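In: predicted model, plus sequence, below.
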Amino acid sequence: MNPSVNKRQKERARAERQKEKAQDKVRRREEKANKPAGPPGEDPDIAGIVPGPQPVEEDAADSPS
């Protein structure tokens, strides 16, 4: 193929990837804005974590180590 044709194809692919990334960024921003806020004073990263030993899963107990 002609080098200029290859370059045009690469540029189109690059532009398409940039367009998809921009759309993903907008979608993530909208999801973040629409996400319900958790209770005040609770860290969302550790919400629902119980300190101490965790219960053993039945599947892990049945399989030999």
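Out: Received the coordinates, thanks. All values derive from a computational prediction rather than experimental measurement.

In: gap between E42 and I49?
Out: Separation of E42 from I49 (CB to CB, to the nearest Å): 11 Å. Yep, even glycine has a C-beta here, placed from its N, CA and C like the rest.

In: three-state assignment of Q18?
Out: With DSSP: H, G, I helix; E, B strand; the rest coil as the basis, Q18 sits in helix.

In: for burial, what's the neighbour tally of it?
Out: As a burial measure, Q18 scores 10 neighbours (other CB atoms under 10 Å).

In: S4: helix or strand, and which one exactly?
Out: Here S4 sits within helix 3-34, counting by DSSP states H and E.

In: quick one: list the elements packing against that helix.
Out: Helices and strands touching helix 3-34, by 3 or more CB pairs under 8 Å, 6 or more residues apart in numbering; DSSP states H and E: there are none.

In: before we move on, back to that, E42 and I49 - which one has more neighbours?
Out: The neighbour comparison of E42 against I49 (other CB under 10 Å) goes to E42, with 11 against 8.

In: distance of the more buried one from A15?
Out: As judged by CB to CB, E42 and A15 stand 43 Å apart.

In: before we move on, the earlier item: give me the mean pLDDT for the helix holding S4.
Out: Confidence for helix 3-34, expressed as mean pLDDT, is 95.

In: check the offset of that helix from the chain's centre.
Out: Remark: helix 3-34 is offset 17 Å from the chain centroid, using CA atoms, centre = their mean, to the nearest Å.

In: next, find the distance separating Q9 from P39.
Out: Look at Q9 and P39: by CB to CB, they are 52 Å apart.

In: again with P53
Out: The separation that P53 has from P39, given CB to CB, amounts to 26 Å.

In: tell me how far the most centrally placed residue in the chain lies from A37.
Out: Centroid check for the chain by CA atoms, centre = their mean gives R28 as the closest residue, at 9.0 Å. Distance, R28 to A37, using CB to CB: 17 Å.

In: then E30?
Out: Look at E30 and A37: by CB to CB, they are 16 Å apart.
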